[in-house]
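Visitor: Predicted structure and sequence below. I'll ask about it afterward.
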Amino acid sequence: MRLVLSPLLLSALLSAASAFAPAASFVHRSGAVSAAAGGARSATRLGVSIGLGPGEDEVAADEEAAAPSGDDDSAEIEEPDHELFRTSRLSKADEKCDEWFGSLLGAEDEEGQMNGMILGEISEEARRRILTLPELKREPVLTREDEEWTPYFSKPLPGSPILPAYGLEQFGLPVPRKNADAWRQFDVAGMVGQDYSGIAEGAGSDLEIDDATKERYVSSLAKSGAWMPDDDVAGRLVYVNGRFCPALSKETGIVRNLSGEDFASPDSVRDEIRGCLSRLTDGFTDELAAPVDDGDIQLTSNAKLSSPNHNVGDPQSQFAINSQHGSACFAALNTVRTGAVALVDVPDGHDEGVESPLPVLIVNARTSDGGAPHGVTEEDTAGVACHPRTLAIVGENSCVSIAQSCVDLDDSETDDGDEDAVGEEAARLFNGYTQVFVKAGANVTHAYIEETGGMVTPGVEGGFVEHGGQIDGSDARETESNRLSMRDTHLETIDVHVTGDEGTYRGTVMGMGGTGRSRVVHSVSLLRPGSHAEVNGFSLAGGAQRTEVRTNIHHIAQGTESRQTQRNMVGGRATSSFRGRIRVERSAQQTNSEQLSRTILLSDKARIWTVPSLEIIADDVQCAHGATVSDMSEEELFYLRSRGLGREVARNLLMYAFVDEVSSSIDKSIQGEYDDEFGLRSRCIERLQNLVPQGERAIMGEFQSV
């Protein structure tokens with residue numbers, strides 16, 4: 001509703017105001033109208049705004065009045081000691097999070113040194129970033145003449161203490177918080193309640209195995225779909241509990257393992273590799289991986305993109321942390337604690353124009369004890385953490401296919417096939433960090449498949465009606481709660497930078513394991529004109545799992561394009577979440593981006609949070625995003641059953657069709673043959689069959705897919 005003041009009413013208001021303020025100034029949209037009643041003008045002003053707001057004269061007068069005066073005799077407000085309040089907001093749960101993260105980081109010895117940092121100065125710098133607390137100080141007050149001035153700011157009141165952002169009370173990088181935006185839907189309490197401070201035996205050194213063990217490991221990897229013969233791969237690196245295994249690997253000119261010996265000499269690893277390994281996520285490495293053209297200037301700072309009104313600013317500010325994924329602390333932790341680096345270093349022009357290059361296979365296998373020196377006893381309940389690291393640098397006009405596989409390794413020794421000598425299982429933390437840099441004209445196909453933790457327990461949802469009876473799921477829930485893999489946590493950070501013109505990245509992430517807690521963060525930055533990204537994902541959760549997938553596609557350069565497809569399937573009593581963020585900076589005009597998330601809930605006890613989001617600063621873009629949540633369509637099931645298929649077979653067929661759009665984007669050689677017993681299709685169907693809903697639906701006609 002719009003209020004219009006007639007000249008007569010305006011005159012009446014002026015007269016009424018003059019009666020109460022003998023000397024007053026009245027401002028309207030077209031200028032200033034003053035009414036003075038004799039004598040000197042009073043400092044008291046009554047402002048009346050008409051139209052869109054105050055005029056320029058009033059704004060200037062207000063700024064002049066607000067400016068500090070040299071003749072002001074009022075006492076200045078005393079500045080408190082901000083350090084006394086640094087930890088004042090810490091709750092018991094926050095303190096437990098900090099203690100848990102500190103146990104993973106480890107302590108220095110009496111000489112201030114820390115063992116196991118194989119990256120040398122890179123590890124030391126990462127540890128320094130973790131331990132250096134943010135400075136508590138007031139930000140300077142900017143004026144309109146400053147280039148970075150913006151009307152969108154907030155500042156604490158004078159005399160009030162300056163507090164660090166949540167998660168930065170005791171560390172220099174934000175650590176997990178139960179109620180932080182980045183961790184709100186994840187099982188933070190369960191994760192920090194499990195001790196993972198143990199270190200795998202022989203961490204940082206190569207794993208030497210005999211021929212019998214090699215044969216057993218190869219057989220186990222083949223059954224997990226994580227093994228390909230030497231002639232079928234461009235290179236293969238196998239890590240067991242974070243330790244490089246030369247007997248199972250095939251190093252080539254473009255694929256090799258980097259150990260502590262390589263970083264001991266300054267000349268053995270070139271500066272480009274060192275620079276890439278030192279980068280952190282979530283903007284904590286402020287320098288962009290490549291300069292971005294924006295008219296006549298080049299952008300190099302992540303914090304100043306789309307400044308001054310729409311930039312994220314200091315990554316340690318609460319405003320910036322609210323939009324982060326919370327992966328920076330774990331990326332830095334990986335840099336400190338990793339025992340080896342899987343390096344894919346592709347030269348310029350490698351396999352240029354080849355339609356189906358041989359894949360590079362990188363396998364991270366975990367044994368049941370996680371590599372603990374003597375297993376787990378009642379007196380020693382500490383779990384084991386490993387920190388795999390992968391770096392891929394793809395040269396100009398080259399083509400490469402990279403496949404990462406995370407699987408369980410059957411390390412049991414058999415005696416004539418009668419008895420298994422199986423060690424005690426330990427709680428395991430997997431903290432992986434993968435970096436991919438794509439140069440001009442390069443074409444990268446990347447697949448990440450996670451299948452650790454075995455199978456979840458079916459039927460935990462209970463309560464399904466079948467033949468007039470009730471299926472009780474209490475026993476299944478107890479079995480699931482006691483399943484040892486429920487103690488495990490799988491964290492993976494994938495950070496991709498397209499640093500050259502016309503670079504192309506196609507990435508697919510499939511999470512199908514039975515680990516109790518799983519979290520994957522997949523970020524892609526498009527830094528040069530004409531760069532293209534396809535991001536596909538599938539998340540399968542069942543039993544009592546807690547899974548999360550977070551993606552970030554960052555359009556920075558002009559004329560970039562991205563396509564994202566996410567599929568989620570949640571059954572049992574599992575809880576899953578997907579947060580997909582696309583940000584288009586002001587410099588990224590002519591951007592074309594699409595994002596779609598689809599979710600199927602297999603039981604009424606399953607839960608999903610799906611949040612696709614667009615942040616668009618540019619004004620010449622084509623962007624779309626959407627999300628759907630449903631169960632399987634009864635109409636589609638009826639069609640299949642009318643053709644002679646059983647109920648469970650029909651449901652499994654629809655479930656696999658839902659997944660196939662994502663799995664088909666993986667390199668054909670990684671998928672395996674159609675009828676391969678251990679191929680990706682067979683393994684996927686086996687896990688889907690484990691979650692097929694039982695019985696008929698209790699409520700018909702609701703939440704059906706379209």
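Guide: Cool, got the structure. All figures in this text were calculated on a predicted structure; none of them were measured in a lab.
Visitor: How about Ser197, nearest residue that isn't a chain neighbour?
Guide: Ser103 (4.0 Å; C-beta to C-beta, 6 or more residues apart in numbering). Every C-beta, even on glycine, is put in place using the N, C-alpha and C of the backbone.
Visitor: Show me what the one helix or strand that neighbour maps to is in contact with.
Guide: For Ser103, the enclosing helix or strand under DSSP states H and E is helix 92-105. Residues outside helix 92-105 that contact it (C-beta atoms under 8 Å, 6 or more residues apart in numbering): 90, 127, 130, 169-171, 175-178, 188-189, 191-193, 195-197, 329, 333, 336-337, 385, 429, 431.
Visitor: Surely Gly370 and Gly383 touch.
Guide: Yes - using C-beta atoms under 8 Å, Gly370 makes contact with Gly383 at a distance of 6.9 Å.
Visitor: residues contacting Asp262?
Guide: Ser268, Val269 are the contacts of Asp262 under C-beta under 8 Å, 6+ apart.
Visitor: hang on, it in a helix?
Guide: Yes - with DSSP: H, G, I helix; E, B strand; the rest coil as the criterion, Asp262 is part of a helix.
Visitor: Need the pLDDT of it.
Guide: Model confidence at Asp262, given as pLDDT, is 92.
Visitor: what's the neighbour count on the residue nearest to Ser197?
Guide: Per other C-beta atoms under 10 Å, the neighbour tally for Ser103 reads 16.
Visitor: Now the helix holding Ser103: buried residues?
Guide: By 16 or more other C-beta atoms under 10 Å, the buried positions in helix 92-105 come out as Asp94, Lys96, Cys97, Asp98, Trp100, Phe101, Gly102, Ser103, Leu104, Leu105.
Visitor: Quick check: mean pLDDT of it?
Guide: 96.
Visitor: Repeat that for stretch 206-214.
Guide: Taken as a whole, stretch 206-214 carries a mean pLDDT of 94.
Visitor: didn't Ser531 look like it was pressed against His554?
Guide: No - between Ser531 and His554 there is no contact under C-beta under 8 Å: 11.0 Å.
Visitor: more crowded one of the two?
Guide: Applying other C-beta under 10 Å to Ser531 and His554 shows that Ser531 carries more neighbours, namely 29 against 25.
Visitor: In JSON lines: the buried residues of helix 92-105, plus distance to Thr452.
Guide: Below are the buried residues of helix 92-105 laid out as JSON lines (distance: C-beta to C-beta, whole Å):
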{"residue": "Asp94", "distance to Thr452": "29"}
{"residue": "Lys96", "distance to Thr452": "26"}
{"residue": "Cys97", "distance to Thr452": "24"}
{"residue": "Asp98", "distance to Thr452": "27"}
{"residue": "Trp100", "distance to Thr452": "21"}
{"residue": "Phe101", "distance to Thr452": "22"}
{"residue": "Gly102", "distance to Thr452": "26"}
{"residue": "Ser103", "distance to Thr452": "22"}
{"residue": "Leu104", "distance to Thr452": "19"}
{"residue": "Leu105", "distance to Thr452": "24"}
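Visitor: ok, back up a step: PyMOL command to pick out the buried ones of the contacts of helix 92-105?
Guide: If you want just the buried ones from these in PyMOL, going by 16+ other C-beta under 10 Å, the selection is:
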select buried, resi 127+130+169+170+171+175+176+177+178+188+191+192+195+196+329+333+336+337+385+429+431
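Visitor: what's the neighbour count on Gln324?
Guide: Close neighbours of Gln324, defined as other C-beta under 10 Å, add up to 22.
Visitor: who touches it in this structure?
Guide: By C-beta under 8 Å, 6+ apart, the neighbours of Gln324 are Pro174, Ala182, Asp282, Gly283, Pro315.
Visitor: If we use 10 Å, what do you get?
Guide: The contact partners of Gln324, by C-beta atoms under 10 Å, 6 or more residues apart in numbering, come to 167, 174, 180-182, 281-284, 312, 315, 521, 550, 552.
Visitor: Neighbour-wise, give me the winner out of the residues you listed.
Guide: Counting by other C-beta under 10 Å, top hit in these: Pro174 with 28 neighbours.
Visitor: Look up how far Thr489 lies from that one.
Guide: Separation of Pro174 from Thr489 (C-beta to C-beta, to the nearest Å): 18 Å.
Visitor: Same question for Glu480.
Guide: Glu480 is 17 Å from Thr489, by C-beta to C-beta.
Visitor: With Gly260 instead?
Guide: Distance check for Gly260 against Thr489: by C-beta to C-beta, it reads 26 Å.
Visitor: quick one, which of the two is more surrounded?
Guide: A side-by-side neighbour count of Gly260 and Thr489, using other C-beta under 10 Å, places Thr489 first with 24 against 17.
Visitor: Run a quick check on that one versus Tyr196, I expect a contact.
Guide: Yes - the pair Thr489 and Tyr196 qualifies as a contact (C-beta atoms under 10 Å) at a distance of 7.3 Å.
Visitor: Now for those two: what residues contact both?
Guide: Common neighbours of Thr489 and Tyr196 are listed as Gly383, Ala385, Ala427, Arg428, Leu429, Phe430, Asn431 (criterion: C-beta under 10 Å, 6+ apart).
Visitor: Could you tell me which of the contacts of helix 92-105 are located in strands?
Guide: Ala385, Leu429, Asn431 (DSSP state E).
Visitor: Nearest to Val400 among the residues you listed?
Guide: The shortest gap between Val400 and any of the ones in strands among the contacts of helix 92-105 belongs to Asn431, at 25.2 Å (C-beta to C-beta).
Visitor: Report the contact partners of the closest one.
Guide: Counting by C-beta under 10 Å, 6+ apart, Asn431 touches 104, 196, 242, 330-331, 333-334, 337-338, 385-389, 489-493.
Visitor: now with 6 Å?
Guide: Counting by C-beta atoms under 6 Å, 6 or more residues apart in numbering, Asn431 makes contact with Phe330, Asn334, His387, Leu491.
Visitor: beta partners of it?
Guide: Beta-bridge partners recorded for Asn431 (DSSP bridges): Leu491.
Visitor: Please report the number of neighbouring residues for the closest residue to Gly260 other than its chain neighbours.
Guide: Leaving aside its chain neighbours, Gly260 sits nearest to Ile118 (3.5 Å; criterion: C-beta to C-beta, 6+ apart). Per other C-beta under 10 Å, the neighbour tally for Ile118 reads 24.
Visitor: Which pLDDT value belongs to Ile118?
Guide: So Ile118 comes in at 92 (pLDDT).
Visitor: That one and Glu261 touch, don't they?
Guide: No - if you go by C-beta atoms under 6 Å, Ile118 and Glu261 don't touch, sitting 8.6 Å apart.
Visitor: which residues in the stretch 551-700 of the chain form strands?
Guide: Per DSSP state E, counting those that start in this stretch, the stretch 551-700 of the chain carries strands over the ranges 561-570, 575-584, 591-601, 607-616, 621-630.
Visitor: As CSV, these with distance to Gly202 would be great.
Guide: Listed next are these as CSV, based on distance: least, C-beta to C-beta, whole Å:
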stretch, distance to Gly202
strand 561-570, 38
strand 575-584, 36
strand 591-601, 42
strand 607-616, 40
strand 621-630, 45
